[in-house]
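[1] Predicted model follows, preceded by the sequence.
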Amino acid sequence: MTRPRHRRRQLPRFLNHRLQRWAQRRQGPDGEFVELHQGRVYILPTRSGLVFGAVFFTMLLGALNYSNNMGFALAFLLTAVAVVSIHHCQRNLAGLRLSVSGCAPVFAGELMECTLHLTNPGRGPRWQIAAGPATERTPAVDLPPGASGELTLRLATAQRGRLHCPAIRVSTRHPLGLFESWAWLYPQRELLVYPRPAESVSVRLPPAAPDFENAGESVRGTDEFVGLRPPLPGESLSRMAWKAWARTGQLLAKDYRSGAGSSWLDWNALPAGDPEERLSQLARLVIDAEAAGQLFGLRLPGVELPPMAGQDHVHRCLAVLATYNGELRARAR
Amino acid sequence: MHAESTGSRAAGVGDAEPGWEAPGAGAAPAKGHTSVGQLAWLALLIGVAVEPHAGSLDSWVLAALAGALLWRSGAALWHWQLPNTPLRAALTLSGSFAVVYTYRRISGLDAGSALLILMLALKLIETHSARDRSIVILIAWFVLFASFLREQSVMSVPQLAGGVVIGTLALLQSARPATLLTPGRALQITGRLLLQAVPLALALFLLFPRLPGPFWALPSAGDGGRTGLADQMSPGDITSLAQSDEVAFRVRFRGPPPAPAELYWRGPVLERFDGRRWRTQRDSARDPSGPDRDYAARAAAGKQLYSYELTLEPNQQRWLLPLETPLSWNAPGSTLTGTLELLQDRPIDRRMVWSGQSVALGGFSDARTPQQINLELPADANPRSRALALEMRLDAASDEDYLRRILTMFRKEQFFYTLQPPALGANPVDDFLFRARSGFCEHYASAFAVLARAGGLPARVVAGYQGAERNPVADYWIVRQSDAHAWAEVWLDGRWMRYDPTAAVAPERIESGLDAALPGLARNDLPLLGNSEWFERIALSWDAVNATWDRWVLAFGPDQQSALLEGLGIQSPTLRDIALACAATVSVVLLLFTWFSSRATRSRPDPVEEAWQRLCRLLAKRVRAREPAEGPAEYAAAVARIRPDIGATIEALATHYLRLRYDKIPTATEAQHFAQLVRQLRVPPETAIPQ
């Protein structure tokens, strides 16, 4: 069949939604690591499963009509195989260990990538475990006993803001494709979507401090802590970020810069208009400023981030832009 | 959590559930791709399913299927172009027309299976996705099912087993979108599935309520050529039956069997004669009260009683064919009529097993005098025979003497026993007695009964079987269609007496069967191997296997099911009882299965997880509990803020834990090491910390 296949759902959208909500109430939110116990693995026949059932029933009627014992034997054997496959299908998921990682923030319009880690702690192999929408094209992993695998999930983002991580559906149709068992995972994660950066900015980047360009090493004064950076040779031990090292295992140095060369990215400096457009432009400015290696601060009505540099600062700024609610604040004022 | 929502324009965040994208194109396998390996499995299954039909189908149907297979393989191997939609529609239409043209119908077994196989071929050339493959498997299974309507002998058992095993394997491989399982792995999974399925299937086979009888018409084609006795007999009918080697029924005697000459199996009693054809009484004219109560009692006293069990092949007729003369029988739904026919209330459309007791007598008493119908002869038919009868009756001293004279005539004069009797004219009995003088048993029985009637004696023709072949391998007797026979019955002195004119013409036929009477008889069984003894023995062994199969598997029906349940202690089970027993057994089997499988899936306790849980419990008691949404790293950081004294240790342990979780499965030593680290952790009470 050559016609395009769309997302095929086992259940009507409405029912699927209700069921998922019910399962969520039943299960509660999931922690970091989830072991799928049998009670949260659901199973239903697939469409092929229903068609097979109908044909087996027809065979049974035919065998009854013709008193054909070989016909009975075939119909009962096939039915029994299908029934037994229910257990195999459910067992293929039950006991699986799952966790989610990744989900780094993206700009609106981009695909957010999360990684689902699957571990098979059982004694037998597991086959064809897929995650995400149930389509034929969803890649699936086979997990030998004790093995781990990964599946990448992608989430389309349209608007900036905080996104509650949608439920992840882990499913399998192994062994015969007549039944699909699945489990819903409710990761307690907030996914952050930055505003889509504007193509061009209507205002010029605020001028940088004149001494910044040739300041070089001297800029790394002791004025302000701006973030972490890879240590330079001969770095003073007091500059090392020991706490972060204990946490991440990566040795970094604390970066201090003088506030003199800083500029302010200001909401009010942009032409009044659509607040979303303003946020997009600010996002563009943040990206450009970081690319230029500038120290910059962000100023929005009600929010002010002092000038700093470094990736952490960029993310902090973009996070503020992502979650900023201008109108609300404007009204509150 | 949405306190800082992004305003009205960003409303999409909360309400419509955002969904995960289907993975990007390119990363996933090509849409609806069927690999060569998957095709090979499908082809194998199709071969197994279609093979039993091959003999009875027109060759073009098979050619179409082979062509479709070739085309699809070509597409998979060498990227041939598969037909587009208009071409497929054209093929479908022309195929259906061809079936209608070939078979002149679309119902019936031959046309139906041709249509199914054609559907299979058409589906094959549009097979791309897993769904298409599963439909091919489904049609193939249905074709296999249809083959059992043709044939369900022992030979079809490998067909059933092969179809189920290969079909399951094919379905297993088809359900996978990308790579095939290795054959060993696939066999292992299939084997496990089937081993678990067999007990369930057996329970269903034995206990699923079997309803008696067809709900709609049986297929005519395929079963149409079924041979057997009928409720009427014209000259030549039994002659054509005698050419068939088909088994009519098998008999197992408990105790000693009767002599071969005494093996008369009583079928239809033909009383109405129209000058050419003998017919049974209409059902409405049959005596409902059954025979005289002591019809055989006097004669049976002191005689040998024969007990036997008879496995009757389905023949779409109602006669149970007991040994003459039946005394008692155990066959539900049957009655003994006044003419001593053992009649089932419905046509026998399944293999039937029943047991009975008989005495081997050549007659039985009847208190009722025969009706006028037993004397009737058409006034204008067979005038010469009637003249002969009057002449002979005048010469004879008694009725018995008269009948003896007829038999003597058959024996002494030039009468021949043959399977190739010449065609008879308008007055068949005259033609037979005065011109042809050669015929088969029905010619003699018919002529004898006509002569008896013309001589004023009530007479009728009885059809049935005579003789049997003993199978020494399993000690039972085979009665074939070639043993079909007809004899006459005459009313003498208050008794219906058997007269078999064939015994006068060809005594060997009665003593030792048709082959002895007609040695040159060429029936169509393997002429090359002919009469060699070992072949005979193999053939008989094979028949014994078939007989066992028929008796114990194919004859299993409502009666056997009831007997089985009675054996289990349920007295005279109703359909409801059977359904309940079936449901209960299936539930028990499934529960046992679930229990075993849940024991098998229970995963090993995870020492790393246990240790981490212990750490969390300890910290919950001494510092603070973990929020449900808090990850290990966040939790450790939070603990470190509250209790800087142990913070570094806790954070190190959390890091350690994460590493064990995210990297490959830790070895036992690694896991134990972590558990030991947790066990060694001491969390002093907060008051002990100097502020």
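    Looks like it came in fine.

[2] Now do the same contact list for residue B:290.
    B:335, B:336, B:337, B:338 (Cβ atoms under 8 Å, 6 or more residues apart in numbering or on different chains). Where you see a C-beta, it was placed from the backbone N, CA and C, and this is true even at glycine.

[3] Quick check on these: which are buried?
    Neighbour counting by 16 or more other Cβ atoms under 10 Å in any protein chain shown classes B:336, B:337, B:338 among the contacts of residue B:290 as buried.

[4] Go through these and flag which are in strands.
    The strands, defined by DSSP state E, take in residue B:336 from those.

[5] I'd like the buried ones among the contacts of residue B:290 written out as a markdown table, with pLDDT and distance to chain A added.
    What follows is those, written out as a markdown table (pLDDT from 0 to 100; distance: Cβ to the nearest Cβ, whole Å):
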| residue | pLDDT | distance to chain A |
| --- | --- | --- |
| B:336 | 86 | 25 |
| B:337 | 85 | 25 |
| B:338 | 82 | 30 |
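
[6] is it true that residue A:161 touches residue A:193?
    Yes. Using Cβ atoms under 8 Å, residue A:161 makes contact with residue A:193 at a distance of 5.8 Å.

[7] and of the contacts of residue B:290, the nearest to residue A:120?
    residue B:335 (67.0 Å; Cβ to Cβ).

[8] Throw the buried ones among the contacts of residue B:290 into JSON lines and include distance to residue B:203, thanks.
    Compiled in JSON lines, the buried ones among the contacts of residue B:290 are given as follows (distance: Cβ to Cβ, whole Å):
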{"residue": "B:336", "distance to residue B:203": "38"}
{"residue": "B:337", "distance to residue B:203": "40"}
{"residue": "B:338", "distance to residue B:203": "45"}
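
[9] could you point out where the stretch 101-250 of chain B is predicted with low confidence?
    Across the stretch 101-250 of chain B, the ranges flagged by pLDDT under 70 are B:178, B:213-227.

[10] Closest to the centroid, which residue in chain B?
    residue B:152 (5.4 Å; Cα atoms, centre = their mean).

[11] Tell me which two in the contacts of residue B:290 are the farthest apart.
    B:335 and B:338, at 10.3 Å, using Cβ to Cβ across those.

[12] Could you list the domains of chain B?
    B:36-197, B:607-688 (automatic domain parsing).

[13] Report the distance from the biggest helix by length in chain A to the chain centre.
    If you go by DSSP state H, chain A has its longest helix at helix A:69-93. Centroid separation between helix A:69-93 and its chain, computed with Cα atoms, centre = their mean, to the nearest Å, is 38 Å.

[14] Over to stretch B:44-53?
    So, by Cα atoms, centre = their mean, the centroid of stretch B:44-53 is 17 Å from its chain's centroid.

[15] Could I have the CA atoms of it written out in CSV?
    Extracted C-alpha coordinates of stretch B:44-53, given in CSV (Å, rounded to 0.1, in the frame of the first residue of the first chain):
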residue,chain,number,x,y,z
LEU,B,44,7.3,-21.1,2.7
LEU,B,45,4.0,-20.7,4.5
ILE,B,46,2.1,-20.3,1.3
GLY,B,47,3.7,-23.5,-0.1
VAL,B,48,2.5,-25.4,3.0
ALA,B,49,-1.0,-24.0,2.8
VAL,B,50,-1.6,-24.3,-0.9
GLU,B,51,-0.1,-27.8,-1.4
PRO,B,52,-3.2,-29.8,-0.4
HIS,B,53,-5.3,-27.8,-2.8
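
[16] Not counting its neighbours along the chain, what's nearest residue B:386?
    residue B:454 (4.3 Å; Cβ to Cβ, 6 or more residues apart in numbering or on different chains).

[17] count of residues packed around that neighbour?
    By the criterion of other Cβ atoms under 10 Å in any protein chain shown, residue B:454 has 21 neighbours.

[18] Then the one 5 residues further on?
    Using other Cβ under 10 Å as the criterion, residue B:459 is surrounded by 28 other residues.

[19] Could you find the closest non-adjacent residue to it?
    residue B:452 (3.7 Å).

[20] And stretch A:101-109, what's buried?
    Neighbour-count burial for stretch A:101-109 [16+ other Cβ under 10 Å]: A:101, A:103, A:105, A:106, A:107, A:108.

[21] Dump these to JSON lines, plus secondary structure, distance to residue B:142 and pLDDT.
    JSON lines is the format used below for the buried residues of stretch A:101-109 (DSSP: H, G, I helix; E, B strand; the rest coil; distance: Cβ to Cβ, whole Å; pLDDT from 0 to 100):
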{"residue": "A:101", "secondary structure": "strand", "distance to residue B:142": "48", "pLDDT": "81"}
{"residue": "A:103", "secondary structure": "coil", "distance to residue B:142": "48", "pLDDT": "83"}
{"residue": "A:105", "secondary structure": "coil", "distance to residue B:142": "55", "pLDDT": "88"}
{"residue": "A:106", "secondary structure": "strand", "distance to residue B:142": "51", "pLDDT": "90"}
{"residue": "A:107", "secondary structure": "strand", "distance to residue B:142": "55", "pLDDT": "91"}
{"residue": "A:108", "secondary structure": "coil", "distance to residue B:142": "53", "pLDDT": "89"}
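
[22] which residues in the stretch 1-150 of chain A form strands?
    Listed in chain order, the strands of the stretch 1-150 of chain A (DSSP state E, counting those that start in this stretch) span A:33-35, A:42-45, A:97-102, A:106-107, A:111-119, A:126-131, A:140-143, A:148-156.

[23] and among these, the most buried is which?
    strand A:126-131 (a mean of 24; mean count of other Cβ atoms under 10 Å in any protein chain shown).

[24] From the chain's centroid, how far away is it?
    Distance, centroid of strand A:126-131 to centroid of chain: 19 Å (Cα atoms, centre = their mean).

[25] do the same with stretch B:51-65
    22 Å.

[26] May I have the distance across it, first residue to last?
    12 Å (Cα to Cα, to the nearest Å).

[27] who's in contact with it?
    B:46, B:50, B:95, B:98-99, B:102, B:110, B:113-114, B:117-118, B:120-121, B:124, B:143-144, B:146-147, B:150-151, B:156, B:159, B:222.

[28] switch the cut-off to 10 Å
    Here stretch B:51-65 makes contact (Cβ atoms under 10 Å, 6 or more residues apart in numbering or on different chains) with B:46-47, B:50, B:67, B:91, B:95, B:98-99, B:102-103, B:109-111, B:113-118, B:120-122, B:124, B:143-144, B:146-148, B:150-152, B:155-156, B:159, B:162-163, B:221-222.

[29] Next, the buried residues of that stretch.
    Those would be B:52, B:53, B:57, B:61, B:62, B:64, B:65, for stretch B:51-65 by 16+ other Cβ under 10 Å.

[30] try stretch B:140-160
    By neighbour count on 16+ other Cβ under 10 Å, the buried set for stretch B:140-160 is B:140-150, B:152, B:156, B:159-160.

[31] just the residues you listed that are near chain A?
    Among the buried residues of stretch B:140-160, the residues lying close to chain A (Cβ under 10 Å from any Cβ of the partner chain) are B:141, B:142, B:144, B:145, B:146, B:147, B:148, B:149, B:152, B:156, B:159, B:160.

[32] Name the next helix or strand downstream of the worst-scoring helix or strand of chain B on mean pLDDT, please.
    Sorting the helices and strands of chain B by mean pLDDT, DSSP states H and E puts helix B:297-300 at the bottom, at a mean of 64. Counting by DSSP states H and E, the next helix or strand C-terminal to helix B:297-300 is strand B:305-312.

[33] The residue nearest to the centre of chain B contacts residue B:146, correct?
    No. In this structure, residue B:152 is not within contact of residue B:146 by Cβ atoms under 10 Å, at 11.6 Å.

[34] shared neighbours of the two, anything?
    With Cβ under 10 Å, 6+ apart, residue B:152 and residue B:146 have common neighbours A:71, B:52.

[35] Can you pull out the low-pLDDT segments for chain A?
    Residues of chain A that meet the criterion pLDDT under 70 lie in A:1-11, A:133-138, A:202-227, A:232-236, A:249, A:255-262, A:326-333.

[36] Thanks a lot, catch you later.
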